[in-house]
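# sequence below, structure please.
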Amino acid sequence: MGAAEFEDLLGAYDERRRAELVAAFMVVELAAEPVQEVRFAALRDPALRHTLGEMLSRRGRTLIQHRDRWISGYDDACAATLTEAASTALTPTPQP
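Sure, this is the predicted structure:
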């Protein structure tokens, strides 16, 4: 994650909040399963969660909630593009 990519979003926060946002960003992007919001301030706090959502959206991702757990996934537009690309790539080629 490049720091400059999110500087306009993170610049409004103090160092502690920026660290919380980056930690939550990394965990929802890399976790194999949804993580408990109680473990991350940026998932518990609505304002921080909004900023986290903005960070993810810049990468075509979105926050997905299941009860008190969160993970990221592709947003609808990105998922549609990937699905279209996959179906084109998997189209059978006629045999000569």
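
# ok, how many other residues are close to the residue nearest to residue 44 when sequence neighbours are not counted?
Closest residue in space to residue 44, ignoring its immediate chain neighbours: residue 37 at 5.2 Å, by C-beta to C-beta, 6 or more residues apart in numbering. In short, each C-beta sits where N, CA and C put it, glycine included. Neighbour count for residue 37, taken as other C-beta atoms under 10 Å: 18.

# any idea how far the residue nearest the centre of the chain lies from residue 39?
Compute the mean C-alpha point of the chain, and by C-alpha atoms, centre = their mean the closest residue is residue 56, 3.6 Å away. Distance of residue 56 to residue 39, given as C-beta to C-beta, to the nearest Å: 18 Å.

# kindly report the same for residue 10.
Residue 10 is 20 Å from residue 39, by C-beta to C-beta.

# so these two - more neighbours on which side?
Neighbours were counted for residue 10 and for residue 39 using other C-beta under 10 Å; residue 10 has more, 18 against 13.

# phi and psi next, for the more buried one.
phi -80, psi -20 (degrees, to the nearest 10).

# which residues sit in contact with it?
Counting by C-beta atoms under 8 Å, 6 or more residues apart in numbering, residue 10 touches 3, 18, 21, 22, 51.

# among those residues, name the buried ones.
The neighbour count (16 or more other C-beta atoms under 10 Å) marks 18, 21, 22, 51 as buried among these.

# contact partners for the second one?
Same thing as residue 21. Neighbouring residues of residue 21 by C-beta under 8 Å, 6+ apart: 9, 10, 13, 42, 48, 51, 52, 55.

# residue ranges with poor pLDDT in this protein?
Across the chain, the ranges flagged by pLDDT under 70 are 1-3, 78-83, 85-93, 96.
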